[in-house]
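Trainee: no FASTA, just this:
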């Protein structure tokens with residue numbers, strides 16, 4: 001099994017064989033039909049690994065939480081995982097042992113949509129609110145996927161084109177600007193050294 005981790009800004013692109021590699025192109029997987037799959041990784045946080053063991057037993061994968069768009073991810077899962085945890089709700093949903101794929105931008109957006117303050121202790125959130133948050137995480141990610149991702153710096157999709165979800169962001173990158181719901185100024189702080197933006201009026 002081939003395991004590919006894109007890191008923060010890696011991408012896979014289908015190109016015609018013979019097109020010379022550009023800066024940050026590191027690996028080519030050559031296929032029949034004069035096509036190849038090219039791995040590009042500007043920040044070098046990605047990885048390409050081979051394993052002959054069952055892929056779900058690989059050390060990098062075996063302890064991961066569920067995919068947010070799969071059926072096993074729901075409010076009950078979040079509520080169960082949060083028991084007795086005092087870390088911030090935002091850090092909790094960004095932890096890949098809780099759920100995978102919820103990055104900083106999408107955590108900000110999902111918590112705003114769910115009306116949950118990102119600094120609230122994970123263990124102090126009710127099952128009802130976690131059910132709503134799970135739905136919001138799913139919706140935010142589905143919307144981002146339909147828009148081709150979020151381009152802030154160097155993200156591009158498989159065609160090399162930027163994502164357009166940035167145009168729909170409600171809180172991330174809008175610190176000090178009016179809340180789209182109540183018009184109060186959005187608060188910007190740091191949680192686990194990551195930019196965190198929320199509405200202190202709409203999120204509790």
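Mentor: Arrived safely. Since we're looking at a predicted model, the values are computed, not measured. Numbers count the residues shown, from 1 in each chain.

Trainee: for this structure, where's the lowest mean pLDDT among helices and strands?
Mentor: In the chain, no helix or strand scores lower on mean pLDDT, DSSP states H and E than strand 11-16, which sits at a mean of 92.

Trainee: Strand partners (parallel or antiparallel) of that one?
Mentor: strand 35-40 (antiparallel) (DSSP bridges).

Trainee: just how off-centre is the next helix or strand after the partner strand within its chain?
Mentor: Per DSSP states H and E, the first helix or strand lying C-terminal to strand 35-40 is strand 47-50. Counting by Cα atoms, centre = their mean, to the nearest Å, strand 47-50 is centred 21 Å from the centre of its parent chain.

Trainee: Can you give me the buried ones in the helix or strand that strand 47-50 is followed by?
Mentor: Next helix or strand after strand 47-50 toward the C-terminus (DSSP H and E): helix 75-82. Residues of helix 75-82 classed as buried: 75, 77, 78, 79, 81, 82 (neighbour count, 16 or more other Cβ atoms under 10 Å). Where C-beta positions appear, they are placed from N, C-alpha and C, glycine not excepted.

Trainee: Return the distance of the least confident helix or strand of the chain from the chain's centre.
Mentor: Centre-to-centre, strand 11-16 and its host chain are 22 Å apart (Cα atoms, centre = their mean).

Trainee: what comes up buried for that strand?
Mentor: Under the neighbour-count criterion of 16+ other Cβ under 10 Å, strand 11-16 has 11, 13, 15 buried.

Trainee: can you redo those as JSON lines with distance to residue 186?
Mentor: Formatted as JSON lines, the buried residues of strand 11-16 follow (distance: Cβ to Cβ, whole Å):
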{"residue": "11", "distance to residue 186": "31"}
{"residue": "13", "distance to residue 186": "36"}
{"residue": "15", "distance to residue 186": "41"}
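
Trainee: from those residues, which is closest to residue 169?
Mentor: residue 11 (21.1 Å; Cβ to Cβ).

Trainee: Quick one: list the elements packing against the longest helix anywhere in the chain.
Mentor: Across the chain, the longest stretch assigned as helix under DSSP state H is helix 127-146. For helix 127-146, the packing partners by 3 or more Cβ pairs under 8 Å, 6 or more residues apart in numbering; DSSP states H and E come out as helix 75-82, helix 104-114.

Trainee: Now do stretch 94-111: distance from first to last residue.
Mentor: The first and final residues of stretch 94-111 sit 11 Å from each other (Cα to Cα, to the nearest Å).

Trainee: now stretch 24-42
Mentor: 5 Å.

Trainee: again with stretch 27-41
Mentor: Span of stretch 27-41 from end to end, Cα to Cα: 10 Å.
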